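Undergrad: Please find the sequence and the predicted model below.
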Amino acid sequence: MKTHLPISFIVAFVIYGFTHSTVIHAQTPCSDSEYNQLNFWLGEWDVFVEGQWAGTNTISKVLDGCVIQEKWRGTNNFSGQSLNTFDPNTGKWNQVWVDNLGQTVHFTGLYKNDKLAMQGKSISPKNGQSILYKITLYNNLQDADNLRQVWEASKDNGKSWQTIFNGKYVKKSSLKHKHSPNLAPVWG
């Protein structure tokens, strides 16, 4: 016995699908300029610390441009990933960092004066100690093939800070990178 759907159901389904998809395509949820603040970070990068190659970092937009995904692979078998999103309600960037040491850090911060400054807190998976972190990502307006990222850590609730990572990023496609042995920091 064949069952036929009422023609009115089919018409309603087609109309709903058409209008719903039109509304979705008309609204591009992450098209405001704030979502492009970190475009300078996008790309494939070699990262150097004190002139020594420290690893690679691949930064790309995912989920229709609403999320920036980071994939870090260090020379010491340390790897991690982050997802970065802009929250239009707070005007802040949020990052969730996870790594192969079992650490998760939630960061929040602002892009202002050509840099992204975020702060987060984590509990060490090794000893349960609370650690505050600050990340600053500097946009090099003079040279789009270079940027700097600095990580700082505090084990005394922000009374003192220690730089634990000061990386110079060089775009893999950069001719300067391919031909220049001098990888001195752009910023002091």
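TA: Done, it's in.
Undergrad: going forward, measure contacts and count neighbours with C-alpha atoms only.
TA: Fine.
Undergrad: any chance you could map the strands in the protein?
TA: 43-49, 52-62, 67-74, 79-87, 92-99, 104-112, 115-123, 130-139, 146-154, 162-171 (DSSP state E).
Undergrad: any low-confidence regions in this structure?
TA: Within the chain, the segments meeting pLDDT under 70 span 1-27, 175-188.
Undergrad: Quick one: the strands of the chain as JSON lines, columns for distance to D32 too.
TA: Output for those, formatted as JSON lines (distance: least, Cα to Cα, whole Å):
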{"stretch": "strand 43-49", "distance to D32": "21"}
{"stretch": "strand 52-62", "distance to D32": "14"}
{"stretch": "strand 67-74", "distance to D32": "13"}
{"stretch": "strand 79-87", "distance to D32": "10"}
{"stretch": "strand 92-99", "distance to D32": "14"}
{"stretch": "strand 104-112", "distance to D32": "14"}
{"stretch": "strand 115-123", "distance to D32": "17"}
{"stretch": "strand 130-139", "distance to D32": "19"}
{"stretch": "strand 146-154", "distance to D32": "24"}
{"stretch": "strand 162-171", "distance to D32": "26"}
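Undergrad: which outside residues touch stretch 37-57?
TA: 58-61, 70-76, 111, 139, 144, 147, 165-173, 182-184 (Cα atoms under 8 Å, 6 or more residues apart in numbering).
Undergrad: For that stretch, buried residues please.
TA: 37-38, 40-49, 53-57 (16 or more other Cα atoms under 10 Å).
Undergrad: close enough to count as contact, E34 and N89?
TA: No - between E34 and N89 there is no contact under Cα atoms under 8 Å: 11.7 Å.
Undergrad: Counting neighbours, go ahead and name the busier of these two.
TA: Legend: neighbour count by other Cα atoms under 10 Å for E34 and N89, higher for E34 (16 against 6).
Undergrad: which residues touch that one?
TA: Counted by Cα under 8 Å, 6+ apart, E34 has contacts F86.
Undergrad: and if we set it to 10 Å?
TA: E34 is in contact with 86-88, 91-93, 111, counting by Cα atoms under 10 Å, 6 or more residues apart in numbering.
Undergrad: out of those, which is most surrounded?
TA: F86 (24 neighbours).
Undergrad: What sits closest to it if chain neighbours are left out?
TA: W93 (4.4 Å; Cα to Cα, 6 or more residues apart in numbering).
Undergrad: now swap in K172 and tell me
TA: W45 (5.2 Å).
Undergrad: Quick check: bridge partners of the one you found?
TA: Beta-bridge pairing of W45 under DSSP bridges involves N57, K171.
Undergrad: are any of the contacts of stretch 37-57 buried, and which?
TA: Buried, going by 16+ other Cα under 10 Å: 58-61, 70-73, 111, 139, 147, 166-172, 183, out of those.
Undergrad: For S82, list the residues it contacts.
TA: Contacts of S82 by Cα under 10 Å, 6+ apart are 59, 67-72, 94-99, 104-106.
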